[in-house]
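[1] no sequence for this one, just the structure:
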């Protein structure tokens, strides 16, 4: 137990061209989350986001009308740290530094700076550039080299990855907030999409590029009675094994696994006293479809090398053993740097998801190197 | 009480040309702090620094040999947040996220990128650029505009500021770690130094530009018995009032005061049950000498507009009522973005400062918009 609840959530529309700047997106999402928590900007005294967020906290503070900040911090893991922001906010609440922390992430990642494009003229910026001289100049190429070992080790094919994509797009198709609302695909569509990095990733294995903002409010569990729809944070962990990168696993002895996620799982089960059988629904950060496979195995939802069969057998579908990315994921809903995935974890506990799973008591959010378990108050 | 202790401190030499990169400086300082705490790299599972630090945590992890990280965060306030890093680390300890957090700041701010130089070609980077079209293109100019109002309101002169500089350089002169070791100055030297922003700041009112690294280890107070020289964190606060900037106060109703520091003081006294009379020694972040005046008044060590007389009367000297910046400050020791000021606060409690004050029970560190009170275990 972390002693905190997620009190409110808010988001803008998800698009390819928001037509307004990141400060406005963060403000809109932030204000929506504050209102959803039954609070006013006057009640917020902490801000947490990613190091990569371009908004200045003091500007956002003015924009939202927060009178005074008593805590601010940023997590360095980008999307991998979506859940880590909640861990950091929990620390602020535990020490009394802040009473209510607004977590946010907002950007124009499609109409503005696209993460997926090579930027050869840009100064060295870890971890992108360590392997640039080998032609590995985009996240897709960086990840594909790692995923290839997984495919080799367990005989997994791109068609297997496609089966996840089909599920994600099916979930998005019935989520009105998703960019790919009412646009499901078939496995044939997936297999017909162009190679991004052959033979690992096709276009439809890659997450979207999106414009939008997402926010949530974290406060003390003691305040839950005054909050309209509080969700308890049962566990919050972050784990980075030496020798990994935020973008790949090239150097560890076991190249076909995901060490950070494995360690997150161990710590999460230790912290909560739960195990994979206790989880009712899971949201898994997937900038690329193979990450769902690696994470399912890391958390023990299936054995090593068994994710392809686990997915093919319908386990991650709505109505399956463990519905996954019920909002459509970063492939189907939008790519708000993984923070939208945290919000879906909250909605599943509240019972307000577009694709609601029945009787959710334990909702997992895997943000790759960080994770949460959420449950009812 | 924050439930944490500062277990160890470490630093490199302070210079104008370190001759090695920021990663090495961070590693050297970090390893020194870990050893000083009686720990090994194996014991460290958290990292905290400023958003402006150029080191990648995963690289530092490899360099130091940390096996696994369970918490990382950065504070957005730059030097203003030197003390805020301890507040963030305390949250990690309180929630059990990490067992021991290494805080660090390392750079080549003199031989590399100099903060004090205008960078007209650089893209917009708040808060530097909002007033650039008015010619306010360096921190000295930015601050001077604010300080000018203080001078006007209370009849304070640049000679008054010089009296602080003389004290800082006197303290540095007997601190072997200080760049200005054995190089004290007179008020005449100060008044003969060239104007940087007339009539507010002369060269000798400005902090140094330095190369170096500084680190400290924060862990739970329950582990104090196993630590050679633990220092208790009695209070840790951060405060940002809406309408301020990290670099100035241009827009608040009261332009001759320092709102963030005033709010830090209120929160620190609330948190600790202490007041200005309880403080034995104070380390005050001063990238420019007038900040010492504003902070002394904000914490109630003297009344509004009385800092010049308070300093002239010898109160901040060694042997005075409240010795200030006993290491020589950022003017006299070095400018390691204010983190070296935190270390001097620790040394004063340990009794190991070059200019040791007798019987220190309550050691204040003011990092402008954040602050600590340190004391013996």
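    Structure received. Just so it is clear, the structure is predicted and the values come from calculations on it, not from any experiment.

[2] going forward, measure contacts between C-alpha atoms and count neighbours the same way
    Will do.

[3] Pick out the residue of the stretch 1-150 of chain A closest to chain B.
    Of all residues in the stretch 1-150 of chain A, residue A:91 sits closest to chain B, at 3.6 Å by C-alpha to the nearest C-alpha.

[4] Distance check, that residue against residue B:23.
    27 Å (C-alpha to C-alpha, to the nearest Å).

[5] per-residue confidence for residue A:120?
    Looking at residue A:120, its pLDDT reads 66.

[6] what's the nearest residue to the residue of the stretch 1-150 of chain A closest to chain B if we skip its chain neighbours?
    Leaving out its chain neighbours, the residue that sits closest to residue A:91 by C-alpha to C-alpha, 6 or more residues apart in numbering or on different chains is residue B:91, at 3.6 Å.

[7] So what's the residue count around the one you found?
    By the measure other C-alpha atoms under 10 Å in any protein chain shown, the count of residues near residue B:91 is 26.

[8] I'd like to know how far the residue nearest in space to the middle of chain A sits from residue A:239.
    The centroid of chain A falls nearest to residue A:338 when counting by C-alpha atoms, centre = their mean (2.9 Å). Counting by C-alpha to C-alpha, the gap from residue A:338 to residue A:239 is 17 Å.

[9] how many other residues sit next to residue A:257?
    Burial of residue A:257 is recorded as 23 neighbouring residues (other C-alpha under 10 Å).

[10] Tell me who's in contact with it.
    Counting by C-alpha atoms under 8 Å, 6 or more residues apart in numbering or on different chains, residue A:257 touches A:150, A:294, A:298.

[11] I'd like the secondary structure assignment at residue A:344, please.
    With DSSP: H, G, I helix; E, B strand; the rest coil as the basis, residue A:344 sits in helix.

[12] The residue nearest to it when sequence neighbours are not counted: neighbouring residues, count only.
    Excluding its sequence neighbours, the residue lying closest to residue A:344 (C-alpha to C-alpha, 6+ apart) is residue A:327, at 6.3 Å. A count of nearby residues for residue A:327, using other C-alpha under 10 Å, gives 34.

[13] can you check residue A:147 too?
    Neighbours of residue A:147 using other C-alpha under 10 Å come to 27.

[14] The one 3 residues further on too?
    Residue A:150 has 23 neighbours, counted by other C-alpha under 10 Å.

[15] hang on, residue A:240 packs against residue B:62?
    No. Residue A:240 is not in contact with residue B:62 according to C-alpha atoms under 8 Å; the separation is 11.1 Å.

[16] Looking at these two, which one has more neighbours?
    Neighbours were counted for residue A:240 and for residue B:62 using other C-alpha under 10 Å; residue A:240 has more, 27 against 16.

[17] quick one on the thing from earlier: now the residue nearest to the centre of chain A: how far from chain B?
    18 Å (C-alpha to the nearest C-alpha, to the nearest Å).

[18] Spatially nearest residue to that residue (excluding sequence neighbours)?
    Among residues not flanking residue A:338 along the chain, residue A:79 sits closest, at 5.1 Å (C-alpha to C-alpha, 6+ apart).

[19] so that neighbour, which of the three states?
    Per three-state DSSP, the local secondary structure of residue A:79 is helix.

[20] Please name the residues that touch it.
    Counted by C-alpha under 8 Å, 6+ apart, residue A:79 has contacts A:285, A:337, A:338, A:339, A:367.

[21] got a winner among these for most neighbours?
    Of all these, the highest neighbour tally under other C-alpha under 10 Å goes to residue A:285, namely 32 neighbours.

[22] and that residue, backbone torsions?
    Torsion angles at residue A:285 (phi, psi; degrees, to the nearest 10) stand at phi -60, psi 120.

[23] Would you check that residue A:146 makes contact with residue A:256?
    Yes. Using C-alpha under 8 Å, residue A:146 makes contact with residue A:256 at a distance of 7.5 Å.

[24] pLDDT weak spots in the stretch 101-250 of chain A?
    Across the stretch 101-250 of chain A, the ranges flagged by pLDDT under 70 are A:120-129.

[25] Near chain B, which residues of it? Just list them.
    A:126, A:237, A:238, A:239, A:240, A:241, A:242, A:243, A:244, A:245 (C-alpha under 8 Å from any C-alpha of the partner chain).

[26] Can you convert those residues into CSV and add a column each for secondary structure?
    Formatted as CSV, those follow (three-state DSSP):
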residue, secondary structure
A:126, coil
A:237, strand
A:238, strand
A:239, coil
A:240, strand
A:241, strand
A:242, coil
A:243, coil
A:244, coil
A:245, coil
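
[27] which one of the residues you listed is nearest residue A:261?
    Among these, residue A:239 lies closest to residue A:261 (C-alpha to C-alpha), at 7.4 Å.

[28] Can you give me the distance of the closest one to residue A:230?
    Noted for residue A:239: a distance of 26 Å to residue A:230, by C-alpha to C-alpha.

[29] And for residue A:309?
    Distance, residue A:309 to residue A:230, using C-alpha to C-alpha: 36 Å.

[30] who's more crowded, the two?
    Neighbour tally, residue A:309 and residue A:230, criterion other C-alpha under 10 Å: the higher count belongs to residue A:230, 27 against 14.

[31] quick one, what contacts residue A:101?
    Residues counted as contacts of residue A:101 (C-alpha under 8 Å, 6+ apart) are A:44, A:45, A:46, A:47, A:48, A:89, A:92, A:93, A:217, A:218, A:219.

[32] What strand or helix carries the fourth one?
    Using DSSP states H and E, residue A:47 falls within strand A:46-50.

[33] Give me the next element, helix or strand, following that strand.
    helix A:57-64.

[34] Is the helix or strand just after that following helix positioned near chain B?
    Sequence-wise, the next helix or strand downstream of helix A:57-64 (DSSP H and E) is strand A:68-69. Yes. Against chain B, strand A:68-69 shows contacts by C-alpha under 8 Å from any C-alpha at A:68, A:69.

[35] For the stretch 151-300 of chain A, just list every one of the strands.
    Listed in chain order, the strands of the stretch 151-300 of chain A (DSSP state E, counting those that start in this stretch) span residues A:195-197, A:201-202, A:211-220, A:231-238, A:240-241, A:281-284.

[36] where's the longest one relative to the chain centroid, distance-wise?
    From the chain centre to the centre of strand A:211-220 is a distance of 13 Å (C-alpha atoms, centre = their mean, to the nearest Å).

[37] What is the burial count for residue A:361?
    Counted with other C-alpha under 10 Å, the neighbours of residue A:361 add up to 18.

[38] Spatially nearest residue to it (excluding sequence neighbours)?
    In space, and not counting its chain neighbours, residue A:361 is closest to residue A:375: 5.2 Å by C-alpha to C-alpha, 6+ apart.
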